[in-house]
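Chemist: Provided below are the primary sequence and the corresponding predicted coordinates.
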Amino acid sequence: MTRIYLSPPDVTADDKAAIVRAFDSGWIAPLGPEVDAFEVELAAATERDHCAALSSGTAALHLALEILGVGPGDRVLVSSLTFAATANAIRYTGAEPVFIDSDEASWNMDPDLLAEGLASGGRFAACVVVDIYGQAADYDRIAAICSQAGVPLIEDAAEALGATYRGKRAGGFGEISTLSFNGNKIITTSGGGALVTDNEGWAQRARWLATQAREPAPHYEHREIGYNYRLSNLLAALGRSQLADLERRVAVRREHNQFYREALSDLPGIDFMPEAPGARSMFWLTCLTIDPSEAGVDREQIRLHLEQLDIEARPVWKPMHLQPVFAGSEAFGGSVSQRLFVNGLCLPSGSNLAADDRDRVVSAIRDVFAKS
């Protein structure tokens with residue numbers, strides 16, 4: 001049997017043709033017409049006015065923080081339940097992360113704990129909220145809390161392109177939002193990301209910083225430190241083709257989630273990541289939790305059994321406040337994300353996952369319960 005991966009790239013003949021067309025156009029070097037068009041299409045897909053296509057979602061986060069003036073000695077509120085890139089970008093600027101725990105309703109940043117953090121004293125330069133596993137956070141409350149405190153909001157929508165919150169698309173919240181097109185995301189450019197915003201000046205500055213902050217001179221003139229963060233024309237062509245197929249990909253991942261919920265509904269101790277009120281998740285990954293006291297088995301027993309059968313499954317993100325690299329960082333709450341990490345498991349969820357392979361996953365999980 002072939003290995004079943006968690007979320008592999010879903011590429012088609014149309015995607016290959018798009019890359020070939022870009023190649024044949026002669027625009028091989030970074031930038032070009034595909035990048036320009038991709039930026040317009042991404043802005044529309046996130047209901048934003050402007051976009052800068054970049055080399056990664058991490059680059060987008062780094063530039064978002066710099067554009068908002070975050071620097072050494074600053075403190076930045078950030079979701080604890082996330083991939084390390086979110087918090088790493090804060091450290092790139094010399095600032096310090098202050099971690100906020102998840103709520104039970106969405107697994108995203110808890111608005112009450114955010115308010116508690118803001119009330120704890122001192123100045124915060126920004127707040128970075130992560131839309132975890134395909135579901136947008138509670139932006140009605142979070143945006144209001146940040147606005148009242150005068151703290152700019154950055155939405156890390158790397159995992160949630162195609163999701164909505166109260167009818168508004170993920171990527172459309174806060175002063176700046178960031179996207180990722182890594183190989184495991186719902187659309188991919190191999191590597192890549194984007195910064196989207198309604199502020200034209202910020203988008204222009206992002207593009208400028210991302211191209212080594214070169215001044216408009218016939219020679220190479222630099223007055224600020226810049227970065228090599230721009231997306232290539234060839235990869236943008238792939239991204240455009242993938243983006244045109246976004247709605248199908250969302251529908252397939254939502255169908256996977258429903259299948260898993262129904263197929264495992266009778267097993268004791270299993271709960272799925274909830275779809276919060278007002279949210280429409282794109283279920284980048286289908287995630288569940290296993291309560292060992294009810295199930296008679298734990299997360300790791302199931303994961304290891306799946307691995308023995310060549311099925312990739314992973315624990316939920318280890319919270320940043322528990323990571324050795326951020327030992328000693330300030331945190332508010334922590335028990336919810338810690339429990340999700342201990343009990344949580346991500347199942348194969350790619351938009352190219354075959355029905356027979358989904359059946360293999362369910363059968364393997366049921367085998368563990370049958371033997372317990």
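Modeler: Right, received. Where do you want to start?

Chemist: confidence score at the nearest residue to G32 once chain neighbours are set aside?
Modeler: Nearest residue to G32 in three dimensions, chain neighbours excluded: N233, at 3.2 Å (C-beta to C-beta, 6 or more residues apart in numbering). No exception for glycine: its C-beta is placed from N, CA and C like everyone else's. Here, the pLDDT recorded for N233 equals 96.

Chemist: show me the residues around N233 that make contact.
Modeler: The contact partners of N233, taken as C-beta atoms under 8 Å, 6 or more residues apart in numbering, are 22, 27-35.

Chemist: Name the nearest of those relative to S56.
Modeler: Set against S56, the nearest of the contacts of N233 by C-beta to C-beta is P30 (13.8 Å).

Chemist: what's the neighbour count on that closest one?
Modeler: The number of residues packed near P30 is 17, by other C-beta atoms under 10 Å.

Chemist: One more: the one 10 residues further on?
Modeler: Taking other C-beta under 10 Å as the criterion, the count of residues near V40 is 12.

Chemist: Just to check, E34 is in contact with G26?
Modeler: No: with contact defined as C-beta atoms under 8 Å, E34 does not reach G26; the gap is 11.7 Å.

Chemist: So for these two, which residue has more residues nearby?
Modeler: Per other C-beta under 10 Å, whichever of E34 and G26 has more neighbours is E34, with 26 against 9.

Chemist: what helix or strand is that one on?
Modeler: Secondary structure assigned from DSSP states H and E places E34 in helix 33-45.

Chemist: average pLDDT across that helix?
Modeler: Computed over helix 33-45, the average pLDDT equals 98.

Chemist: and that helix, how far from the chain's centre?
Modeler: With C-alpha atoms, centre = their mean, to the nearest Å as the basis, helix 33-45 stands 19 Å off its chain's centre.

Chemist: Now for the closest residue to G171 other than its chain neighbours, how many residues are close by?
Modeler: Sequence neighbours aside, T46 is the residue nearest to G171 in space, at 3.1 Å (criterion: C-beta to C-beta, 6+ apart). The number of residues packed around T46, counting by other C-beta under 10 Å, is 24.

Chemist: contacting residues for T46?
Modeler: 157, 161, 169-172, 177, 179, 196.

Chemist: Could you rerun that using 7 Å?
Modeler: 169, 171-172, 177, 196 (C-beta atoms under 7 Å, 6 or more residues apart in numbering).

Chemist: Same check on I142?
Modeler: So I142 contacts 109, 111, 114, 129, 153 (C-beta under 7 Å, 6+ apart).

Chemist: Highest neighbour count among the residues you listed?
Modeler: Busiest of the contacts of I142 [other C-beta under 10 Å] is M109, holding 34 neighbours.

Chemist: Give me the phi and psi angles of that residue.
Modeler: When read as degrees, to the nearest 10, the backbone of M109 gives phi -50, psi 130.

Chemist: you'd agree it is up against I100?
Modeler: Yes: between M109 and I100 there is a contact under C-beta atoms under 7 Å: 5.1 Å.

Chemist: Need the overlap of contacts for these two.
Modeler: With C-beta under 7 Å, 6+ apart, M109 and I100 have common neighbours S79.

Chemist: can you give me the helices for the stretch 1-150 of the chain?
Modeler: 13-25, 33-45, 57-67, 84-92, 111-118, 139-149 (DSSP state H, counting those that start in this stretch).

Chemist: and those as JSON lines, adding distance to V76?
Modeler: Converted to JSON lines, the helices of the stretch 1-150 of the chain look like this (distance: least, C-beta to C-beta, whole Å):
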{"stretch": "helix 13-25", "distance to V76": "36"}
{"stretch": "helix 33-45", "distance to V76": "25"}
{"stretch": "helix 57-67", "distance to V76": "7"}
{"stretch": "helix 84-92", "distance to V76": "5"}
{"stretch": "helix 111-118", "distance to V76": "11"}
{"stretch": "helix 139-149", "distance to V76": "12"}
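
Chemist: Just name the most buried of those helices.
Modeler: Comparing those by mean neighbour count (mean count of other C-beta atoms under 10 Å), helix 57-67 ranks first with a mean of 26.

Chemist: Report all helices and strands that it contacts.
Modeler: Packing partners of helix 57-67 (3 or more C-beta pairs under 7 Å, 6 or more residues apart in numbering; DSSP states H and E): helix 84-92, strand 176-180, strand 193-197, helix 200-210.

Chemist: And for the third one, what's in contact with it?
Modeler: What that stands for is strand 193-197. 42-43, 46, 48, 50-57, 59-60, 63-64, 171, 175-181, 203, 206.
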